[in-house]
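What follows is a predicted structure for the sequence shown.
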Amino acid sequence: MTIDQPALQGLAPRRRRPRSPEPVAEHLPVAQVVVDRPQPHLDRPFDYAVPAGLADAARPGVRVRVRFAGQDVDGWCVGRTDASEHADLAPVRRVVSPEPVLAPQVLALARAVADRWVGTLPDVLRLAVPPRHARTEREVPPAAEGAHVPWAPWTPAVPGGGAPPGADGTVPPPWADVPGAGAFLRRVAAGQAPRAVWQALPGPPSSWADAVAAAVVAAVAAGRGALVVAPSQVEVAAVEAALDRAGVPAWSPEAPGGRVRLLADDGPAERYRAFLATLRGHAPVVVGTRAAAFAPVARLGLLVCWDDGDDLLAEPRAPYPHARDVLVMRAEAEGAALLLGSHARTAAAQRLVATGWAHPLDPPRAVVRRRAPRVVALTSVELAREGPAAAARLPSPAWRAAREALERGPVLVQVPRAGYVPALACDACRASARCGACGGPVALAAPGAPPGCRLCGAPAVAWRCGECGGTRLRAVRVGSARTAEELGRAFPGVPVRVSGGGARLDTLPARPAVVVATPGAEPVAEGQYAAALLLDAAVATGRPHLDAGEQALRSWLRAAALVRPAAEGGVVLLVGDGAPVPTQAFVRWDPAGHAERELAERAEVRMPPAVHVVAVEGPRDAVRALLDRAGLPVATEVVGPVPVPEEDDGGDAAPALLEVAGEQPVRALLRSPWAEAAAVARAVRAAVAAASARREPPVRVRAEPGDVW
């Protein structure tokens, strides 16, 4: 017996009539969609029906909304097919924008990056395609109908007229002192794909940036596109200024051709505008930071990576690709020329030279000596005659050199750490001072401030050493702020400025001044610096990282390149007992020789980049389960797992995301020959996907990590 509940007329619930299914498209009715979900086991295209109303809009490359696991999620349409192996397909809900933002070559590159770095395609696409800005899509002119490259008739306005660099066999001035540069530019101008690793000469940023601009002009004059990737906005600005001088102006809707820049700091609207101008073929040249490596440049002819050793070019988000290696993969896939340039040279770039994949562009030793400042290493042996004063952080020879140089112009002082006193230790046993509340490092944030924890901020007024019970603290790391305070007393009446951390200087007038800067934050001085003091060499080379010497040499060369040549009185003093190998390479100004030796030593101990390495981090049981599940090639060597170490200077502890119930995460290294790299990546990727499908504790996988120690 059924009892109906009476209801007032007009208030009875309405029964929705089931909607009749919308007819599907007659042509290619199935869309292959990559859903934006982070789970590794979902990293594959899913089939969806294309409604007839979306038949034209749901093109490959557009953003779509689909129903997945009971929710509306974002995705990318990556293809259209005639049929599917599944009978009942959910329809595409809507097309977010008819703009095909995912170019075919970018999709192929993103898939290759995800495979190589053991990641997922959605993670890479978030790096490659900027978020949509609807209003901007109406501001950028559409692509010319049927024209693949609307800018093809445009050529750079070469100053003074004449042929573009390299086209007529002449070598432009920025490349005149580099053997082999003329052949490289001629091949670029002819539409070929040479590959080179270039050691830039000392000098202001305009010197290396003008050389990059000359190579870009050679590519664009041949009707091809160019892409320049640099570590930060400072280097991007230097390249843009050089392109202006070379006749490659900034793109605008009123003037086709020219360049755009892709920077996250420009904001979503400006970044999306530059992306659309590139995608629609209006701008043949793109300059940007690491995410610009995926820019959809049409008819790509030249790829440039400046200062590939900078940590800013390594993506900190999964799957952690490095812009240098992304450009190497793209050069091979699209048949483009590649130029890796820097004042230093990384072991990774040297491997490309050693295998014959790229050719070196090194200036002669005589030219380097003519352009470089005089470099002096003030080690304890050199300072033995100073007696007790040799232990001073600023010994007498360095003080005298700085005082004399201040009569001719500004002086640069480089220190490895920012802040005031970023690390303290027990005065009795020298153990690192740790916070009693969270175990973080104890530091001094400002003069007169009490010591406190860098992680939780808790004051350490009643600190007691956990090793010996001591209560007195001593400084083991002196930052830029404390150094500036000391130099202000050493040079009274001289302006002292700090660059680094949250306050970075870009330029400096040619007046006498002392500039204290951290590595990478050195401002450019008008007329170059009269001298440079590079302090705490032992700290720079003493980090427990595999590339400590390489990074120290890179930061020293970068700073020394801003100093006047030795013939004009320029001098650089390296203070402290740094590691002998990078110190001697710096005195000789021989980054290529250092990189060659570094690569040979890493080959002996089977460390990257001589071999391929994958780091697996997480709870011990999860790491062991993944290693047992992965069918690794026979040539793979498993090292560990061992606890993930902490930084030696009191840095952050192991990532909390990897901890389970307070258990310290562990790390295992998978080492294999480069010939087995693809097979190892596939095996680990399959094991990660299987663990994801079983909802096991997550692990972090990093292929080719840069911080193995």
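Looks like it arrived, so ask away. Numbering: from 1, shown residues only.

G457 and P609: what is the separation?
Distance of G457 to P609, computed by C-beta to C-beta, to the nearest Å: 39 Å. Just so you know, the C-beta spots here come from the backbone N, C-alpha and C atoms, and that holds for glycine as well.

count of neighbours near V24?
17 (other C-beta atoms under 10 Å).

which of G457 and P609 has more neighbours?
More neighbours surround P609 than the other of G457 and P609, with 23 against 12 (other C-beta under 10 Å).

Report the contact partners of that one.
P609 sits next to A347, A348, R351, L599, R602, E704 when contact means C-beta atoms under 8 Å, 6 or more residues apart in numbering.

and those as CSV, adding pLDDT and secondary structure?
Below are the contacts of P609 laid out as CSV (pLDDT from 0 to 100; DSSP: H, G, I helix; E, B strand; the rest coil):
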residue, pLDDT, secondary structure
A347, 95, helix
A348, 95, helix
R351, 96, helix
L599, 95, helix
R602, 92, helix
E704, 91, coil
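
how about CSV for the residues you listed, with neighbour count added?
Shown next, in CSV, are the contacts of P609 (neighbours: other C-beta atoms under 10 Å):
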residue, neighbour count
A347, 25
A348, 24
R351, 20
L599, 20
R602, 18
E704, 22
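
what two of those are the furthest from one another?
Greatest spacing in those, by C-beta to C-beta: L599 and E704 (14.7 Å).

For the helix or strand bottoming out on mean pLDDT in the chain, list every residue counted as buried.
When the helices and strands of the chain are scored by mean pLDDT, DSSP states H and E, strand 473-477 comes last with a mean of 75. Within strand 473-477, the residues scored as buried using 16 or more other C-beta atoms under 10 Å are L473, A475, V476, R477.

Then stretch 687-705?
Neighbour-count burial for stretch 687-705, counted by 16+ other C-beta under 10 Å, picks out 687-692, 696-705.

Let's see that stretch as CSV, backbone CA atoms only.
The C-alpha coordinates for stretch 687-705 follow below in CSV (Å, rounded to 0.1, in the frame of the first residue of the first chain):
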residue,chain,number,x,y,z
ALA,A,687,55.9,1.5,-10.6
VAL,A,688,54.8,5.0,-9.5
ALA,A,689,51.6,4.6,-11.5
ALA,A,690,50.9,1.2,-9.9
ALA,A,691,51.5,2.6,-6.4
SER,A,692,49.2,5.5,-7.2
ALA,A,693,46.4,3.2,-8.3
ARG,A,694,46.8,1.2,-5.0
ARG,A,695,46.7,4.5,-3.0
GLU,A,696,50.0,3.7,-1.4
PRO,A,697,52.0,6.4,0.5
PRO,A,698,53.4,8.8,-2.1
VAL,A,699,57.1,9.1,-3.0
ARG,A,700,59.0,11.8,-4.7
VAL,A,701,60.8,10.9,-7.8
ARG,A,702,63.4,13.2,-9.3
ALA,A,703,65.3,12.2,-12.5
GLU,A,704,68.7,13.8,-13.0
PRO,A,705,68.6,15.7,-9.7
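
Domain-wise, how is the chain divided?
The record's domain parsing of the chain by automatic domain parsing lists 30-103, 166-367, 372-601, 612-703.

so of those domains, which one's packed in deepest?
domain 166-367 (a mean of 21; mean count of other C-beta atoms under 10 Å).

tell me how far that domain is from the chain's mean position?
14 Å (C-alpha atoms, centre = their mean, to the nearest Å).

Need phi/psi at V516.
In terms of degrees, to the nearest 10, the main-chain angles of V516 are phi -100, psi 120.

partner residues bridging it?
Counting by DSSP bridges, V516 is bridged to V413, V498.

returning to what we had before: can you list contacts of the least confident helix or strand of the chain?
416-417, 421-427, 430, 432-433, 442, 444, 451, 463, 482, 539, 649.

With stretch 105-114 instead?
Contact with stretch 105-114 is made by 43, 61, 78, 119-121, 123-125, 128-129, 294, 296, 300, 319, 321, 326, 329-330, 333-334, as judged by C-beta under 8 Å, 6+ apart.

so where is the stretch 1-150 of the chain shaky, pLDDT-wise?
Counting by pLDDT under 70, the stretch 1-150 of the chain has low-confidence residues at 1-21, 144-150.

Do you have the helices of it handy? List them.
104-116, 121-128, 134-139 (DSSP state H, counting those that start in this stretch).

C-alpha coordinates for the helix or strand where C305 lies, PDB please?
Using DSSP states H and E, C305 falls within strand 300-306. The C-alpha trace of strand 300-306 is given here as PDB (Å, rounded to 0.1, in the frame of the first residue of the first chain):
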ATOM      1  CA  LEU A 300      61.900  27.400 -34.700                       C
ATOM      2  CA  GLY A 301      65.500  27.900 -35.900                       C
ATOM      3  CA  LEU A 302      67.600  28.900 -32.900                       C
ATOM      4  CA  LEU A 303      67.500  28.000 -29.200                       C
ATOM      5  CA  VAL A 304      69.700  29.900 -26.700                       C
ATOM      6  CA  CYS A 305      70.300  29.200 -23.000                       C
ATOM      7  CA  TRP A 306      72.300  31.700 -21.100                       C
END
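
Quick one: list the elements packing against the following helix or strand past it.
With elements assigned by DSSP H and E, the helix or strand that comes after strand 300-306 is helix 323-334. Here helix 323-334 touches helix 104-116, strand 225-229, strand 300-306, strand 337-342, helix 347-354, going by 3 or more C-beta pairs under 8 Å, 6 or more residues apart in numbering; DSSP states H and E.

can you tell which of the ones you listed is closest to A585?
Set against A585 and scored by C-beta to C-beta, those come closest in helix 347-354, at 12.7 Å.

which helices and strands sit right next to that closest one?
strand 195-199, helix 323-334, strand 337-342, helix 591-604.

Residues touching the helix or strand following it, excluding its own?
Scanning forward in sequence from helix 347-354 by DSSP H and E, the next helix or strand is strand 359-361. Outside strand 359-361, the residues that touch it by C-beta under 8 Å, 6+ apart are 178-181, 184, 194-199, 353, 592.

Strand 359-361 pairs with which strands?
Sheet pairing for strand 359-361, using DSSP bridges, gives strand 195-199 (parallel).

after the strand it pairs with, next one along is what?
Strand 195-199 is succeeded, C-terminally, by helix 205-221 (DSSP H and E).

relative to strand 195-199, how tilted is that next one?
160 degrees (axes from the mean of the first three to the mean of the last three C-alpha atoms, to 10 degrees).

between helix 205-221 and strand 337-342, what angle do the directions make?
180 degrees.

okay, the angle between helix 205-221 and strand 225-229?
150 degrees.

mean confidence score for helix 205-221?
For helix 205-221, the mean pLDDT works out to 92.

Show me where the stretch 601-709 of the chain dips below the pLDDT cut-off.
Within the stretch 601-709 of the chain, the ranges that satisfy pLDDT under 70 run 646-662, 708-709.

Same question for the stretch 151-300 of the chain.
For the stretch 151-300 of the chain, applying pLDDT under 70 flags the ranges 151-169.

80 - rerun?
151-170, 255-256 (pLDDT under 80).

quick one, helices of it?
181-189, 205-221, 233-245, 268-279.

And the last one, what does it pack against?
Counting contacts by 3+ C-beta pairs under 8 Å, 6+ apart, helix 268-279 is packed against helix 134-139, strand 259-262, strand 285-288.

Make a markdown table out of these and add distance to S555.
Converted to a markdown table, the helices and strands packed on helix 268-279 look like this (distance: least, C-beta to C-beta, whole Å):
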| stretch | distance to S555 |
| --- | --- |
| helix 134-139 | 38 |
| strand 259-262 | 25 |
| strand 285-288 | 23 |
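
out of these, nearest to V229?
Closest to V229 of the helices and strands packed on helix 268-279, according to C-beta to C-beta: strand 285-288, at 6.5 Å.

Who are the packing partners of the closest one?
Going by 3+ C-beta pairs under 8 Å, 6+ apart, strand 285-288 lies up against strand 225-229, helix 233-245, strand 259-262, helix 268-279.
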